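A.B. asks: output the structure for:
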Amino acid sequence: MKVLVATEKPFAAAAVEGIKKEIEGAGNQLVLLEKYTEKQQLLDAVKDVDAMIIRSDKVDAEVLDAAKQLKIVVRAGAGYDNIDLAAATAHDVVAENTPGQNSNAVAELVFGMLVFAVRNFFNGKAGSELMGKKLGILAFGNVGRNVARIAAGFGMEVYAYDAFCPKEVIEAAGVKAVDNQDALFETCDVVSLHIPATPETKQSINAALVGKMKKGGVLVNTARKEVINEPELIQLMTERTDLKYVTDIKPDADEEFAKFEGRYFSTPKKMGAQTAEANINAGIAAACQINAFFKDGCTKFKVN
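C.D. replies: Got it, this is the predicted structure:
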C-alpha cells in the first residue's frame, strides 16, 4: 500500500525515520509531501495513495474527491477538526486520530504558561504561588488527566467536570468531580480548558461562564480557539481587570486581547504538541494504526 505523509509543518526528522521504519517494515511504501505551499500540491499527491498521515493539514471534500484510492487518513494528534468527517464517511474513508500521544506535552505547557501568568509574566513584580490554589479541569480526557497529575506536584486542589466521564472515574484519580461547568468556574482560581471544538462547545466559554470566576482568576486554553467567545471575553476582561487569559492558540482578536498588558499571553502558533517526544510518538502511532488497518482491518481509533 502507498502511504502519504502530508505535512505543511513537517514532523521532526526522527519522527519521519520512525514512520518510515514502521510503514516499510510492514511491506508498504512511504511517500513524503513536506512544507507544501499550495493546496494543488496536496491534491496532486493524494491521487494514487491508499493512506495518509497528516498533522494540522486540512482534508476536506476536495482532497477526498482527488484521492480516488484513499482508504484511511490518520491525524497525528488528538484533535481532528481539520478532517471533514462527513465527507470522509461519504467517500468510505476511515478517519482516525492518535489520542494520548501528545497529552503530556500539552499538560506541561499548561503549567509553563500558568506559572508565567501567576508570576506576572516575569515583569519583576511579586506574583503568587500555585500551591493551595484550586484548579478546574474542563474535560477529563488524556490531557486533563496529565494536568491533574502535574497539579498534584504543585500542591493544588484539583477539580474537574466532564459531561462524558463518570464522577467515580474522576474521583478515582484523586480529583474532585463537580456537577456542571458553572460549578467548576465558581469554585476554582484557575480553569484549564481541554474540550474539543464541536457544535455544542464552540463559543461556549463566554462572559457569563468566565465571569463566575473569583477575583484573580486565570483562564488557560490549550484546546481550540473556537471554544472561546472572543468578543464576550474581551468585554469581560475590560470590565474585570483582575482576570488573566493565557493560550497556545492565537485568537482571531489577538490585537484586541493584547491591550490587556500583563493579563494576556498567546504563543505565536499552536504549541501544545510541539515537543520532539510528542512529535515522534504521534507520528509512529499513526503509522502503526495504518499498518494495523491494512493487516487486520483494525479501526480502534476511528472518529467518523
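
A.B. asks: helix/strand/coil for the residue nearest the centre of the chain?
C.D. replies: Against the mean C-alpha coordinate of the chain, by Cα atoms, centre = their mean, the closest residue is A223 at 4.7 Å. Recorded secondary structure, A223: coil (DSSP: H, G, I helix; E, B strand; the rest coil).

A.B. asks: which ones are touching A207?
C.D. replies: A207 sits next to N229, E232, L233, Q235, L236 when contact means Cβ atoms under 8 Å, 6 or more residues apart in numbering. Yep, even glycine has a C-beta here, placed from its N, CA and C like the rest.

A.B. asks: compare those and tell me which is most surrounded.
C.D. replies: L233 (25 neighbours; other Cβ atoms under 10 Å).

A.B. asks: one step back: let me know the closest of the contacts of A207 to V110.
C.D. replies: Distance to V110, by Cβ to Cβ, is smallest for L233 among the contacts of A207, at 18.2 Å.

A.B. asks: re earlier: now the nearest residue to the residue nearest to the centre of the chain once chain neighbours are set aside, what are its backbone angles?
C.D. replies: Among residues not flanking A223 along the chain, L193 sits closest, at 4.4 Å (Cβ to Cβ, 6 or more residues apart in numbering). Main-chain torsions, L193, degrees, to the nearest 10: phi -90, psi 130.

A.B. asks: for L193, grab the count of nearby residues.
C.D. replies: Neighbour count for L193, taken as other Cβ under 10 Å: 23.

A.B. asks: hey, where'd the strands end up in this protein?
C.D. replies: 2-7, 29-34, 51-54, 72-75, 94-97, 134-138, 157-161, 176-177, 190-193, 218-221, 244-247, 264-266 (DSSP state E).

A.B. asks: out of these, which is closest to F121?
C.D. replies: Proximity to F121 (Cβ to Cβ) singles out strand 264-266 among these, at 6.4 Å.

A.B. asks: mean confidence for the closest one?
C.D. replies: Confidence for strand 264-266, expressed as mean pLDDT, is 98.

A.B. asks: buried residues of the helix ranked longest in the chain, list them for me.
C.D. replies: With secondary structure taken from DSSP state H, the chain has its longest helix at helix 276-296. For helix 276-296, burial by neighbour count (16 or more other Cβ atoms under 10 Å) applies to 278-294.

A.B. asks: on that earlier part again, need the contact list for the residue nearest to the centre of the chain.
C.D. replies: Each residue near A223 by Cβ under 8 Å, 6+ apart is listed here: A139, L193, H194, I195, P196, A197, I249.
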